[in-house]
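S.K.: from the sequence below, what's the structure:
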Amino acid sequence: MTQVNSTQPGSPPTATMRVSQPRKNVDVPDGLWLRCPTCTEIIYRKDMEQALHTCPNCDHHFRLSAKARIALTVDAGAFEEMDRNLVSCDPIEFTARKSYRQQLLDASKGGRSKDALISGCGFIKGRPVILAVMDFDFLAGSMGAVVGEKITRAIERATQEHLPLVIISCSGGARMQESTISLMQMAKTSSALSRLHKRGGLFISVLADPTTGGTTASFAMLGDLIFAEPKAMIGFAGPRTIANTIRTELPEGFQRAEFLLEKGFVDRIVPRSELRSQIARAIDYCSR
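M.R.: Numbers count the residues shown, from 1 in each chain. Just a heads-up that it's a prediction; the model follows:
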């Protein structure tokens with residue numbers, strides 16, 4: 001702020017007027033702040049990340065990439081990925097606005113996963129486990145041949161090595177670009193789980209938001225224990241489709257984790273901050 005004297009030389013002094021200097025623009029990095037979709041509050045991204053990617057105000061659980069979820073779930077440096085190089089092909093040469101091959105290339109850019117699931121072996125609070133985590137960032141976590149194969153291999157390894165199996169689901173369902181082949185993964189993964197159960201293996205299924213379609217209709221709901229994150233959407237068809245089919249107004253909170261817990265489809269709702277401890281406790285209890 002500067003002062004400018006409005007008088008001429010030799011004239012009586014008059015009041016001075018103030019002229020404001022232009023303010024400098026401050027560059028704010030993109031993505032520094034975000035709005036919570038539940039409470040609509042503006043929150044600082046670093047605060048959200050420090051709270052395990054949940055809202056500090058209302059505990060809304062934001063979606064995570066598979067890599068981020070693995071980092072929050074297993075012990076530090078205790079995860080070894082399996083079947084890293086499996087990639088989808090284009091069995092029916094599917095093309096819509098862009099070809100399926102191009103969709104796969106776009107989804108895997110920037111160091112992302114090569115498909116919608118990462119599997120491997122690791123430790124959770126010192127307990128060895130086989131872990132498979134779905135990635136919604138890759139074509140909405142849809143289940144095609146690669147996802148089904150990697151889940152089946154994870155189940156088979158858990159069976160052979162007598163290790164607990166943990167699958168964290170986050171999926172839009174079967175992958176339409178692979179047609180019937182994607183639907184076959186439902187039977188394939190379910191059959192593998194049947195063999196695991198006959199051998200007395202433990203399968204802990206964790207349902208994140210959303211878990212829908214063919215994923216829900218197969219392995220995700222076959223756990224010995226089924227945990228769900230708070231307010232996760234869990235179902236087969238969408239609520240609008242169901243409402244139009246049965247022509248009935250759906251209950252409030254329909255297809256949310258809390259509703260499914262009340263109806264007995266989910267064993268426990270587990271906040272992200274407690275997931276490691278709850279999995280470790282379940283493994284200890286079931287191994288007695």
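S.K.: can we go C-alpha only for contacts and neighbour counts from here?
M.R.: OK.
S.K.: what about the helices in this structure?
M.R.: Taking DSSP state H, the helices of the chain run over residues 45-50, 66-73, 100-107, 145-161, 179-198, 213-216, 239-246, 257-262, 275-286.
S.K.: any chance of those in a markdown table, plus mean pLDDT?
M.R.: Below are the helices of the chain laid out as a markdown table (pLDDT from 0 to 100):
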| stretch | mean pLDDT |
| --- | --- |
| helix 45-50 | 93 |
| helix 66-73 | 95 |
| helix 100-107 | 94 |
| helix 145-161 | 98 |
| helix 179-198 | 97 |
| helix 213-216 | 96 |
| helix 239-246 | 86 |
| helix 257-262 | 96 |
| helix 275-286 | 96 |
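S.K.: distance of Gln103 relative to Arg157?
M.R.: According to CA to CA, to the nearest Å, Gln103 stands 30 Å off from Arg157.
S.K.: have a look at these two and say which one is more surrounded.
M.R.: Using other CA atoms under 10 Å, the more surrounded residue of Gln103 and Arg157 is Arg157, with 18 against 15.
S.K.: give me the distance between that one and Thr215.
M.R.: Separation of Arg157 from Thr215 (CA to CA): 20 Å.
S.K.: before we move on, what about Glu149?
M.R.: 13 Å.
S.K.: neighbour-wise, which of the two wins?
M.R.: Thr215 (27 against 17).
S.K.: surely the more buried one meets Arg175?
M.R.: No: counting by CA atoms under 8 Å, Thr215 stays clear of Arg175, with 10.3 Å between them.
S.K.: now do the shared contacts for those two.
M.R.: Common neighbours of Thr215 and Arg175, counting by CA atoms under 8 Å, 6 or more residues apart in numbering, are Met143.
S.K.: okay, how far is it across stretch 78-92, tip to tip?
M.R.: 39 Å.
S.K.: show residues contacting it.
M.R.: 100-101, 104, 114-115, 118-123, 144-146, 150, 177-179.
S.K.: which among these end up buried?
M.R.: Buried residues within the contacts of stretch 78-92, counting neighbours by 16 or more other CA atoms under 10 Å: 100, 104, 114-115, 118-123, 144-146, 150, 177-178.
S.K.: so how far is Leu275 from Ile124?
M.R.: Distance of Ile124 to Leu275, computed by CA to CA: 10 Å.
S.K.: comparing the two, which residue is more hemmed in?
M.R.: Ile124 (22 against 19).
S.K.: is it true that that one touches Arg281?
M.R.: No: assessed by CA under 8 Å, Ile124 is found out of contact with Arg281, at 10.3 Å.
S.K.: what about the stretch 1-150 of the chain, any weak spots by pLDDT?
M.R.: 1-30 (pLDDT under 70).
S.K.: now do 90
M.R.: For the stretch 1-150 of the chain, applying pLDDT under 90 flags the ranges 1-31, 89, 96-97, 109-113.
S.K.: what ranges do the strands span in it?
M.R.: Remark: strands assigned in the stretch 1-150 of the chain by DSSP state E, counting those that start in this stretch are 2-4, 17-19, 33-35, 42-44, 79-82, 117-124, 127-134.
S.K.: any idea how far Pro251 is from Pro239?
M.R.: In terms of CA to CA, Pro251 sits 10 Å off from Pro239.
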